[in-house]
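Asks: Any chance you could fold what I've pasted below:
(one chain, ligands or ions: 1)
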Amino acid sequence: MSRARIVIVGAGFAGYQAARALSRSARGAAEIVLVNPTDYFLYLPLLPEVAAGVLEPRRASVSLTGTLKHVRLVLGQVDRVDLTDRRIGYTDPEGRRGELGYDRLVLSVGSVSKLLPVPGVAEHAHGFRGLPEALYLRDHMTRQIELAGMADDPRERAARTTFVVVGAGYTGTEVAAHGAMLTDALARRSPALREDRLRPRWLLLDIAPRVLPELDEHLSRTAHRVLRKRGVEIRTGASVKEATADGVRLDDGDFVETRSLIWCVGVRPDPLVAGLGLPTERGRLCVDEYLTVPGHPEVFACGDAAAVPDATRPGEYTPMTAQHAQRQGRTAARNVAASLGRGACLPYRHHDLGFTVDLGGAQAAANPLHVPLSGPLAGAVTRGYHLLAMPGNRVRVAADWLLESALPRQGVQLGLVRSGSVPLDSESPELPRVPMEDRG
Ligand SMILES: Cc1cc2nc3c(=O)[nH]c(=O)nc-3n(C[C@H](O)[C@H](O)[C@H](O)COP(=O)(O)OP(=O)(O)OC[C@H]3O[C@@H](n4cnc5c(N)ncnc54)[C@H](O)[C@@H]3O)c2cc1C
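Replies: Next comes the predicted model:
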């Protein structure tokens with residue numbers, strides 16, 4: 001292999017694993033360049049715990065340069081791919097333009113929050129996709145409980161202690177489960193709320209007939225039971241008709257007064273994919289079973305951004321999960337190396353190994369290898385799985401979990417991320433943002 005340049009765009013589950021595998025298989029023979037807006041890989045499944053104050057934000061972010069020794073990191077957001085000249089264009093965090101040529105390109109740009117055309121949602125809801133959103137939400141929940149404790153008007157107090165999560169997939173379910181624990185703990189510390197016996201109200205809405213609609217029914221039943229015990233109101237078959245600064249109108253006409261609308265309705269592929277002018281499937285870039293883009297044998301795609309044929313379910317595409325993304329990253333790496341003369345190509349094939357949903361405290365719903373588990377055993381399996389799956393920070397994460405089981409949560413707002421800097425319709429949620437005046 002002569003010094004070919006392999007450019008990987010996006011350092012999420014797929015891109016990180018592709019870079020790691022290539023740094024072993026193509027080390028010395030090819031230059032491996034990883035382009036990402038941030039200098040860390042974000043372990044997204046732990047984000048609800050960051051929002052709930054269980055984990056410090058740096059625990060979920062694994063240093064790219066610290067863990068990928070033979071990979072050149074380019075900090076930037078790619079906005080142009082020239083498939084003819086084999087070049088990409090990007091903007092770095094200080095707004096400067098850059099360009100890079102490539103011999104092989106791996107596109108692993110993931111996904112962004114999905115917006116629905118519901119009046120007021122873009123202005124009044126907050127998404128949950130990156131660290132800024134998690135930090136904003138942690139402060140916001142703390143602030144609402146503190147302001148509720150200061151309010152004389154019972155109506156304002158009730159609105160500030162009401163939290164509405166839209167979307168009961170794994171993100172929304174985990175956010176509601178962890179969020180309710182945090183706000184309960186904060187409310188218990190507020191003399192005014194304690195005196196009023198006011199317990200924060202959490203609503204979890206989904207148009208589907210059950211929580212976790214895309215997962216196994218066992219997980220759904222366990223999550224439903226835990227959430228109900230925790231006092232979360234679950235409204236299935238329900239959606240939002242309109243959002244205002246004072247609350248949300250549901251499609252049954254009910255108006256819920258709240259200052260907190262958390263939008264977890266799902267994701268769509270990163271907008272970079274649409275701009276390529278290549279065939280897509282529901283917005284995901286079409287690839288063959290070798291993760292190659294048809295007609296462009298030098299371009300590979302994997303993870304949420306790619307429509308990868310699911311060899312275990314003919315006619316379908318692999319779901320957008322971390323489990324698939326990281327394995328696809330490794331397969332893409334293998335096939336990139338093979339295309340440069342190292343090793344043999346392999347088609348992507350992976351049987352789903354089950355799922356884990358962390359519900360906070362010792363609770364989780366899990367079906368590892370499709371064995372249904374619930375309660376503390378599921379909680380232990382879920383945490384063990386995350387520790388094994390994380391490429392770094394394991395001791396720090398475990399230490400935070402240990403501290404959380406022994407000490408009360410810290411209820412302080414740092415105000416580092418303001419409402420205006422985490423807009424729901426942001427197309428690049430990981431870009432470092434300059435804090436703006438809080439309008440939330
Ligand atoms: C809160 C939350 C919890 C989740 N929990 C689970 C779970 O428990 N289990 C599970 O299986 N899945 C879970 N998922 C889904 C899982 O995280 C995704 O399926 C997975 O991250 C997809 O990996 P990816 O590499 O395709 O994309 P990502 O991990 O999203 O990574 C994409 C990377 O590309 C970068 N990027 C984007 N655009 C550009 C660009 N133009 N230029 C350069 N870089 C770019 C991004 O900054 C990011 O670093 C969760 C998702 C969320 C949001």
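
Asks: what does the stretch 101-250 of the chain have sitting close to the ligand?
Replies: 108-111, 128-129, 170-171 (Cβ under 6 Å from any ligand atom). Just so you know, the C-beta spots here come from the backbone N, C-alpha and C atoms, and that holds for glycine as well.

Asks: Now with 5 Å, please.
Replies: Residues of the stretch 101-250 of the chain that fall close to the ligand, judged by Cβ under 5 Å from any ligand atom: 108-110, 171.

Asks: Show me which of these is closest to residue 294.
Replies: Residue 294 has its nearest neighbour among those in residue 108, at 17.8 Å by Cβ to Cβ.

Asks: ok, that closest one - contacts?
Replies: Listed by Cβ atoms under 8 Å, 6 or more residues apart in numbering, the contact partners of residue 108 are 8-12, 14-15, 18, 301-303, 305-306, 325, 329, 332.

Asks: Go again with 6 Å.
Replies: 10, 14-15, 302-303 (Cβ atoms under 6 Å, 6 or more residues apart in numbering).

Asks: cool, residue 101 as well?
Replies: Residue 101 sits next to 86-87 when contact means Cβ under 6 Å, 6+ apart.

Asks: Beta-bridge partners for it, please?
Replies: Taking DSSP bridges as the rule, residue 101 bridges to residue 87.

Asks: Would you mind giving the domain segments of this protein?
Replies: 4-37+76-111+268-339, 121-265+354-435 (automatic domain parsing).

Asks: Go through the ones you listed and name the closest to residue 62.
Replies: Residue 62 lies closest to domain 121-265+354-435 among the domains of the chain, at 3.9 Å (Cβ to Cβ).

Asks: And the residue nearest to residue 309 when sequence neighbours are not counted, how close does it get to residue 310?
Replies: Excluding the flanking residues, the one nearest residue 309 by Cβ to Cβ, 6 or more residues apart in numbering is residue 289, at 5.4 Å. According to Cβ to Cβ, to the nearest Å, residue 289 stands 10 Å off from residue 310.

Asks: Comparing these two, which residue is more hemmed in?
Replies: residue 310 (19 against 16; other Cβ atoms under 10 Å).

Asks: Quick check: the gap between the more buried one and residue 352.
Replies: Taking Cβ to Cβ, one finds residue 310 at 9 Å from residue 352.

Asks: Kindly report the same for residue 40.
Replies: On the measure of Cβ to Cβ, residue 40 and residue 352 end up 28 Å apart.

Asks: quick one, which of the two is more surrounded?
Replies: Remark: of residue 40 and residue 352, residue 40 carries more neighbours, 22 against 17, as counted by other Cβ under 10 Å.

Asks: and that one, what are its bridge partners?
Replies: Bridge pairing for residue 40 - DSSP bridges - gives residue 63.

Asks: At the contact with the ligand, which residues of the stretch 301-440 of the chain appear?
Replies: 303-304, 320-323, 325, 430.

Asks: go again using 8 Å as the cut-off
Replies: By Cβ under 8 Å from any ligand atom, the residues of the stretch 301-440 of the chain that approach the ligand are 302-306, 320-326, 328-329, 355-358, 428-431.

Asks: Could you list which of those residues belong to strands?
Replies: Judged by DSSP state E, the subset of those located in strands is 306, 356-358.

Asks: Which two of the residues you listed have the greatest separation?
Replies: Longest span within those, Cβ to Cβ: 306 and 358, 26.5 Å.

Asks: Could you report the neighbour count for the residue of the stretch 251-400 of the chain found nearest the ligand?
Replies: Nearest residue of the stretch 251-400 of the chain to the ligand, counting by Cβ to the nearest ligand atom: residue 303, 2.2 Å away. By the other Cβ under 10 Å criterion, the neighbourhood of residue 303 contains 35 residues.

Asks: Grab the nearest non-local neighbour of it.
Replies: residue 14 is the one closest to residue 303 (Cβ to Cβ, 6+ apart), at 3.1 Å.

Asks: Cross-check the contact I'm expecting between the one you found and residue 328.
Replies: Yes: here residue 14 reaches residue 328: they are 5.4 Å apart, a contact under Cβ atoms under 6 Å.
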